[in-house]
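Colleague: Sequence plus the predicted model coming up.
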Amino acid sequence: HRKVGLAVAQMGPVNLADDRGSVVKRLIEMLREAHGRDADFVVFPELALTTFFPRYWMSMQEAEERYFEAAMPNSHVQPLFDEARHLGIGFYLGYAELTPDGQRFNASILVDKSGTIIGKYRKIHLPGHDDHKPDAPFQHLEKKYFDVGDETFGVWNVEGTKMGMCLCNDRRWPETWRVMALQSAEVVVLGYNTPSQNIHWPEPVHLRMHHHLIALQASAYQNCVWAAAAAKCGYEDGHHMIGGSVIVAPTGEIVAQASTEDDEVITFNADLALAETFRKNVFDFARHRRPEHYRIIVDR
Ligand code: CDT
């Protein structure tokens, strides 16, 4: 047995009126709760510090000023880093990154238990559109506000656990998981903001949760990884997003699931050896994969 205490800190809504300070207080409270429940690592949502601003059309200058972080950590977020270091607990956090040369990414970081950033990921699969759709009930402007991530999906050693990360829409793509599995990821962590209404076609609302869960469960199983996924959810200024934060085992089974659409910590003491069983048998990549027949995946 090789155990790692995983925690997912789901967030209820962050409204336009909520400032960074109040949000970071909520994150710290959940960090403490996770620590009290023996967690080693906490997963926070995508764009955790602000409302899901891609739903609003605005100028790039306004977006940068209101929603992007030009430094990480910065004065607003430093107390979270300090508390993590104090408690000796690592975390994953999603935020909007503004680089010194003016690039904008939907990013996430891995922070170890000493409060040091050891990994960064910049979202690759950006959903939505870049044009203003005045007739839509809300916008999904990730393609306007963010550049496509400039590096592949990475895997980092977090206190002895090989951890990969992605963000929201990435979880729906099999390639995301396989690229991390081929780097021997043991745990994949991710945050998401998933509107319950699809602005592109009249999708039945129940499918949003169904597709979220089916993607995580199938991907965890097919790639022999634990998955820990954190929602920001509930009604942000009237715009509803799904909850359903989960921890999924490499069996594809959900071992912990949030039951609210509010701030809520779920935990599970994950046995990394469970994935070994799959990796040595049905999904022994070296013995069974046939990459010579997968060329079309990268050629198209
Ligand atoms: N944040 C994010 O990536 N949300 C998307 C919504 C897709 S609809 C344009 C998701 O895949 O959940």
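Modeller: Sure thing, it's come through.
Colleague: For the rest of this, base every contact and every neighbour count on C-alpha atoms.
Modeller: Fine.
Colleague: Give me the neighbour count for the residue in the chain that the ligand sits nearest to.
Modeller: Taking C-alpha to the nearest ligand atom, the ligand has its nearest neighbour within the chain at Asn169, 3.4 Å off. By other C-alpha atoms under 10 Å, 19 other residues sit near Asn169.
Colleague: Quick check: it touching Pro127?
Modeller: Yes. With contact defined as C-alpha atoms under 8 Å, Asn169 reaches Pro127; the gap is 6.7 Å.
Colleague: Could I get the pLDDT score of His125?
Modeller: His125 carries a pLDDT value of 98.
Colleague: How about Ala181?
Modeller: So, for Ala181, pLDDT stands at 98.
Colleague: Return the backbone torsion pair for the nearest residue to Glu69 once chain neighbours are set aside.
Modeller: Excluding its sequence neighbours, the residue lying closest to Glu69 (C-alpha to C-alpha, 6 or more residues apart in numbering) is Glu97, at 5.2 Å. Dihedral pair for Glu97: phi -100, psi 130, per degrees, to the nearest 10.
Colleague: what's the answer for the one 10 residues further on, then?
Modeller: With angles defined as degrees, to the nearest 10, Ala107 sits at phi -120, psi 160.
Colleague: And Ala215, by the same measure?
Modeller: Torsion angles, degrees, to the nearest 10, at Ala215: phi -70, psi -50.
Colleague: Grab the nearest non-local neighbour of it.
Modeller: Arg172 (5.6 Å).
Colleague: Next, the contact list for that neighbour, please.
Modeller: By C-alpha atoms under 8 Å, 6 or more residues apart in numbering, Arg172 lies in contact with His212, Ala215, Leu216.
Colleague: The last one: neighbour count?
Modeller: Read that as Leu216. Neighbours around Leu216, by other C-alpha under 10 Å: 27.
Colleague: Can you classify it by secondary structure?
Modeller: helix (DSSP: H, G, I helix; E, B strand; the rest coil).
Colleague: list the contacts for it?
Modeller: Contacts of Leu216 (C-alpha under 8 Å, 6+ apart): Arg171, Arg172, Ala227, Val248, Gly252.
Colleague: Tell me how far it lies from Val14.
Modeller: According to C-alpha to C-alpha, to the nearest Å, Leu216 stands 25 Å off from Val14.
Colleague: same check, this time on the second one
Modeller: The gap separating Ala215 from Val14 is 26 Å, by C-alpha to C-alpha.
Colleague: These two: who's more crowded?
Modeller: The neighbour count for Ala215 versus Val14, taken as other C-alpha under 10 Å, is higher for Val14 (22 against 16).
Colleague: so Glu264 touches Ala7, yeah?
Modeller: No. Applying C-alpha under 8 Å, one finds Glu264 not in contact with Ala7, separated by 10.1 Å.
Colleague: Can you name the residues that contact the residue nearest to Gln222 when sequence neighbours are not counted?
Modeller: Spatial nearest neighbour of Gln222, chain neighbours left out: Phe283 (7.4 Å); criterion: C-alpha to C-alpha, 6+ apart. Phe283 sits next to Gln222, Asn223, Cys224 when contact means C-alpha under 8 Å, 6+ apart.
Colleague: tell me the phi and psi of the last one?
Modeller: Geometry field for Cys224 lists phi and psi as phi 60, psi 50, criterion degrees, to the nearest 10.
Colleague: pretty sure it is touching Phe278, no?
Modeller: Yes. Counting by C-alpha under 8 Å, Cys224 touches Phe278, with 6.0 Å between them.
Colleague: Now the common contact residues for the two.
Modeller: Pro250.
Colleague: Out of the two, name the residue with the larger neighbour count.
Modeller: Neighbours were counted for Cys224 and for Phe278 using other C-alpha under 10 Å; Cys224 has more, 31 against 18.
Colleague: dump the residue contacts of Met30.
Modeller: Per C-alpha under 8 Å, 6+ apart, neighbours of Met30: Ala9, Asp263, Glu264, Val265.
Colleague: Got phi/psi on the residue nearest to Ala215?
Modeller: Per degrees, to the nearest 10, the backbone of Arg172 is at phi -80, psi -10.
Colleague: you'd agree Ala270 is in a strand?
Modeller: Yes. Ala270 sits within a strand when classified using three-state DSSP.
Colleague: beta partners of it?
Modeller: Val4 (DSSP bridges).
Colleague: Only the buried residues of stretch 280-290, if you could.
Modeller: Phe283 (16 or more other C-alpha atoms under 10 Å).
Colleague: nope, stretch 229-241 is what I meant
Modeller: Ala229, Ala230, Ala231, Lys232, Cys233, Gly234, Tyr235, Glu236, His239, His240, Met241.
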